[in-house]
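Undergrad: What follows is a predicted structure for the sequence shown.
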Amino acid sequence: MTDQTRCGYVAIVGRPNVGKSTLLNHILGQKISITSRKPQTTRHRLLGIKTEGDTQAIFVDTPGIHKGSESDKAINRYMNRAASSTITDVDVVVFVVERGIWTDEDEWVLQQVKRADCPVILVINKVDQIKDKSKLLPFLEECNTKMDFAEIVPLSALNGTNLDNLENSINQRLPQDIHFYPEDQVTDRSSRFMAAEMVREKIMRQLGEEIPYAMTVEIEDFKDSGKSLHIHALILVEREGQKRIVIGNKGSRLKLIGQEARVDMEKMFDRKVMLKLWVKVKSGWSDDERALQSLGYND
Ligand code: GDP
Ligand code: K
Ligand code: MG
């Protein structure tokens with residue numbers, strides 16, 4: 001370890017859909033966290049590790065912190081726990097909001113963020129959506145009154161604008177420490193977990209409103225023959241009707257989900273993938289703490 005060696009944890013927090021996972025993937029240059037237009041796409045706390053020269057930043061992607069009528073469900077309690085406990089445990093907090101809007105939910109996240117005793121960087125995401133950049137100024141001023149942010153960085157997670165600024169701002173605030181992970185490691189999650197998430201993303205992206213919240217994916221088999229991977233995934237839904245929707249007419253939707261997931265898997269694992277999908281009804285799992293634990297929602 002030299003004087004320059006730095007390593008630390010960076011929490012990415014914010015209400016659902018502001019672009020936290022998109023931001024993480026772009027910083028890492030690799031898709032490790034699934035994204036979609038739907039809130040609650042990210043269900044698990046997940047680490048994304050970036051080592052560049054002397055600096056290792058360990059990002060913690062969190063499920064969006066949300067309050068609301070659904071918060072009595074076990075899966076929502078789990079997701080809130082994962083997000084709030086992270087805030088007090090890191091070296092830098094990156095708080096993400098969207099250009100031009102400061103909602104009640106942002107306000108609620110702000111209250112959690114104020115508990116952090118480390119620098120908080122505010123990211124104003126999706127600036128690609130404003131044509132006239134001067135329109136951003138009043139919002140910047142509003143943000144400035146919320147708390148004493150270490151820095152405010154407007155950027156676009158989607159096309160990468162101003163990401164360098166954010167990364168510099170984070171890196172200079174990381175403590176001097178040895179690197180906790182090997183430099184080629186990108187995440188703390190297993191290949192099985194990644195495979196399940198890739199299938200879940202395709203379902204989240206393709207299906208209507210009711211399906212995603214009531215659906216999860218389990219990897220039943222994951223075999224590596226050296227040249228190729230053989231993966232069997234089980235899609236769990238809550239009702240018979242949902243099963244029909246996921247399968248689609250003559251299996252057409254399930255086929256599409258499988259094709260798209262396989263493309264992502266081959267990119268991630270860098271080899272040929274044989275993927276088999278099944279759909280099964282398992283009612284009530286999202287409101288049952290024990291069922292959640294048996295599905296790996298236990299940190
Ligand atoms: P999360 O719930 O905060 O993790 O949000 P996601 O990363 O899943 O993104 C939610 C949606 O916002 C997705 O449809 C993204 O493509 C979109 N999105 C994220 N960042 C940007 C951005 O910088 N610009 C635009 N236009 N869309 C974005
Ligand atoms: K999302
Ligand atoms: Mg996310």
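TA: Everything's here; your move. Ligands and ions are numbered 1, 2, ... in the order given.

Undergrad: C-alpha only now, for contacts and for neighbours.
TA: Fine.

Undergrad: got the buried residues for stretch 137-153?
TA: Within stretch 137-153, the residues scored as buried using 16 or more other CA atoms under 10 Å are 140, 143, 149, 150, 151, 152, 153.

Undergrad: give the contact list for the third one.
TA: Going back to what we said before, that points to residue 149. Each residue near residue 149 by CA atoms under 8 Å, 6 or more residues apart in numbering is listed here: 119, 120, 121, 122.

Undergrad: helices or strands up against the strand or helix carrying residue 204?
TA: Assigned by DSSP states H and E, residue 204 belongs to helix 191-206. Where contact means 3 or more CA pairs under 8 Å, 6 or more residues apart in numbering; DSSP states H and E, helix 191-206 is packed against helix 210-213, strand 216-224, helix 252-269.

Undergrad: Which stretches in the stretch 1-150 of the chain count as strands?
TA: 6-13, 46-52, 55-61, 92-98, 120-125 (DSSP state E, counting those that start in this stretch).

Undergrad: chain center to the second one: distance?
TA: Put simply, strand 46-52 sits 13 Å off its chain's centre (CA atoms, centre = their mean, to the nearest Å).

Undergrad: Report the mean confidence score over that strand.
TA: The pLDDT scores in strand 46-52 average 95.

Undergrad: helices or strands up against it?
TA: By 3+ CA pairs under 8 Å, 6+ apart, strand 46-52 packs against helix 20-28, strand 55-61.

Undergrad: mind giving me TSV with these and columns for mean neighbour count?
TA: Output for the helices and strands packed on strand 46-52, formatted as TSV (neighbours: other CA atoms under 10 Å):
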stretch	mean neighbour count
helix 20-28	22
strand 55-61	25
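
Undergrad: of the ones you listed, which approaches ligand 1 most closely?
TA: For ligand 1, the closest of these is helix 20-28, at 3.7 Å, according to CA to the nearest ligand atom.

Undergrad: about what we covered before: name the nearest of the contacts of residue 149 relative to ligand 1.
TA: Closest to ligand 1, out of all of those and judged by CA to the nearest ligand atom, is residue 122, at 13.8 Å.

Undergrad: if we can go back for a sec, closest to residue 198 out of the strands of the stretch 1-150 of the chain?
TA: Evaluated with CA to CA, the strands of the stretch 1-150 of the chain place strand 46-52 nearest to residue 198, the distance being 14.1 Å.

Undergrad: Can you list the neighbours in contact with the closest one?
TA: So strand 46-52 is contacted by 24, 28, 32-33, 56-62, 181, 183-189 (CA under 8 Å, 6+ apart).

Undergrad: nearest residue to residue 45 other than its sequence neighbours?
TA: residue 62 (4.8 Å; CA to CA, 6 or more residues apart in numbering).

Undergrad: so residue 27 touches residue 163, yeah?
TA: Yes: Residue 27 is in contact with residue 163 according to CA atoms under 8 Å; the separation is 7.3 Å.

Undergrad: Show me which residues of this protein sit near ligand 3.
TA: 21, 42 (CA under 5 Å from the ion).

Undergrad: Just give me the neighbour total for the closest residue to ligand 2 within the stretch 151-299 of the chain.
TA: Going by CA to the ion, ligand 2 is nearest to residue 204 of the stretch 151-299 of the chain, at 9.3 Å. Counted with other CA atoms under 10 Å, the neighbours of residue 204 add up to 24.

Undergrad: per-residue confidence for it?
TA: 90.

Undergrad: any idea how far it is from residue 35?
TA: 9 Å (CA to CA, to the nearest Å).

Undergrad: any shared contact partners between those two?
TA: By CA under 8 Å, 6+ apart, the residues touching both residue 204 and residue 35 are residue 41.

Undergrad: number of nearby residues for the nearest residue to residue 113 once chain neighbours are set aside?
TA: Ranked by CA to CA, 6+ apart and with sequence neighbours excluded, the top spatial neighbour of residue 113 is residue 87, at 6.6 Å. Here the number of neighbours of residue 87 (other CA under 10 Å) works out to 27.

Undergrad: do the same with residue 241
TA: Residue 241, neighbours per other CA under 10 Å, totals 11.

Undergrad: How about stretch 36-56 and ligand 1, any contact?
TA: Yes: using CA under 6 Å from any ligand atom, stretch 36-56 reaches ligand 1 at 36, 37, 39.

Undergrad: So for residue 136, which of the strands of the stretch 1-150 of the chain sits nearest?
TA: strand 120-125 (9.5 Å).

Undergrad: which residues sit against the closest one?
TA: Here strand 120-125 has contacts from 18-19, 92-99, 113, 149-157, 170, using CA under 8 Å, 6+ apart.

Undergrad: returning to what we had before: as TSV, the helices and strands packed on strand 46-52 with mean pLDDT would be great.
TA: Shown next, in TSV, are the helices and strands packed on strand 46-52 (pLDDT from 0 to 100):
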stretch	mean pLDDT
helix 20-28	95
strand 55-61	95
